[in-house]
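Enquirer: Following is a predicted model, sequence given first.
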Amino acid sequence: MGRENELAAVTALLHGHRVVSTVGPGPGGRGKTRLAHAVGAAAEQRSVLILDNCEQVLTGAAELVSALVSLTHDLRILVTSRAPLGVSSEAVHQLPALGPESAAELFARRPARCGRRSNCRTPRSRNCAPPWTVCRWRWSWRPPGCG
Ligand SMILES: Nc1ncnc2c1ncn2[C@@H]1O[C@H](COP(=O)(O)OP(=O)(O)O)[C@@H](O)[C@H]1O
Ligand SMILES: [Mg+2]
């Protein structure tokens with residue numbers, strides 16, 4: 001959701017580079033793993049290896065990636081991590097935070113996915129429900145028509 005540009009950017013990077021790292025600072029939840037899955041599903045290349053959540057094992061992952069790059073001819077590797085691996089042939093893609101509209105949409109949809117009734121049926125009600133209130137606090141953003 002709201003990641004069309006990033007999907008296109010990472011896919012394009014994978015065409016030109018053997019190793020692409022999608023990185024984002026701060027706590028998890030930015031959407032690196034989700035994006036990597038989407039890129040993998042859309043990849044036209046036959047062999048794209050996804051190494052997800054490498055931040056805990058950065059040194060080992062860097063060694064593995066370097067070895068795989070030199071042992072193979074056309075394997076592409078997509079890494080997600082908080083910071084780049086620092087290997088040669090690595091293109092780094094910085095994943096920005098989700099824009100406020102997509103973030104608010106995602107936030108509002110999640111209660112429904114756990115089977116809970118969302119108290120946020122409409123962003124337009126006068127009495128803005130909690131997700132929208134948080135979005136307003138976090139981004140000074142309110143949905144159109146929400147006073
Ligand atoms: N753009 C998005 N659209 C839909 N769901 C998303 C999006 N970004 C993140 N999520 C969801 O938020 C949660 C955290 O995302 P995740 O990809 O695991 O973050 P990260 O890998 O950066 O820690 C997951 O449940 C993921 O599916
Ligand atoms: Mg992750």
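Expert: The structure has been received and is ready for your questions. Numbering: from 1, shown residues only. Ligands and ions are numbered 1, 2, ... in the order given.

Enquirer: Near ligand 1, which residues of this structure are found?
Expert: Counting by CB under 6 Å from any ligand atom, the chain comes close to ligand 1 at 1-3, 24, 28-34, 80, 98, 106. No exception for glycine: its C-beta is placed from N, CA and C like everyone else's.

Enquirer: out of these, which is most surrounded?
Expert: T80 (27 neighbours; other CB atoms under 10 Å).

Enquirer: could you point out which element follows the helix or strand that that residue is a member of?
Expert: Applying DSSP states H and E as the criterion places T80 in strand 76-81. Sequence order places strand 90-94 as the next helix or strand after strand 76-81, per DSSP H and E.

Enquirer: and the helix or strand that that next one is followed by, how far from the chain's centre?
Expert: Following strand 90-94 in sequence order, the next helix or strand is helix 100-113 (DSSP H and E). Distance, stretch centre to chain centre, for helix 100-113: 15 Å (CA atoms, centre = their mean, to the nearest Å).

Enquirer: now the strands for this structure?
Expert: Using DSSP state E, the strands of the chain run over 19-23, 48-51, 76-81, 90-94.

Enquirer: can I get the residues of the chain next to ligand 1 in a markdown table with pLDDT?
Expert: Below are the residues of the chain next to ligand 1 laid out as a markdown table (pLDDT from 0 to 100):
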| residue | pLDDT |
| --- | --- |
| M1 | 90 |
| G2 | 92 |
| R3 | 96 |
| G24 | 93 |
| G28 | 86 |
| G29 | 89 |
| R30 | 92 |
| G31 | 95 |
| K32 | 97 |
| T33 | 97 |
| R34 | 96 |
| T80 | 98 |
| L98 | 90 |
| L106 | 82 |
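
Enquirer: any chance of the strands of the chain in a markdown table, with distance to ligand 2 too?
Expert: Below are those laid out as a markdown table (distance: least, CB to the ion, whole Å):
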| stretch | distance to ligand 2 |
| --- | --- |
| strand 19-23 | 9 |
| strand 48-51 | 11 |
| strand 76-81 | 5 |
| strand 90-94 | 14 |
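
Enquirer: In TSV: the ones you listed, plus distance to G40.
Expert: Below are these laid out as TSV (distance: least, CB to CB, whole Å):
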stretch	distance to G40
strand 19-23	12
strand 48-51	5
strand 76-81	7
strand 90-94	14
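
Enquirer: And this structure, split by domain according to the record?
Expert: 4-94, 100-139 (automatic domain parsing).
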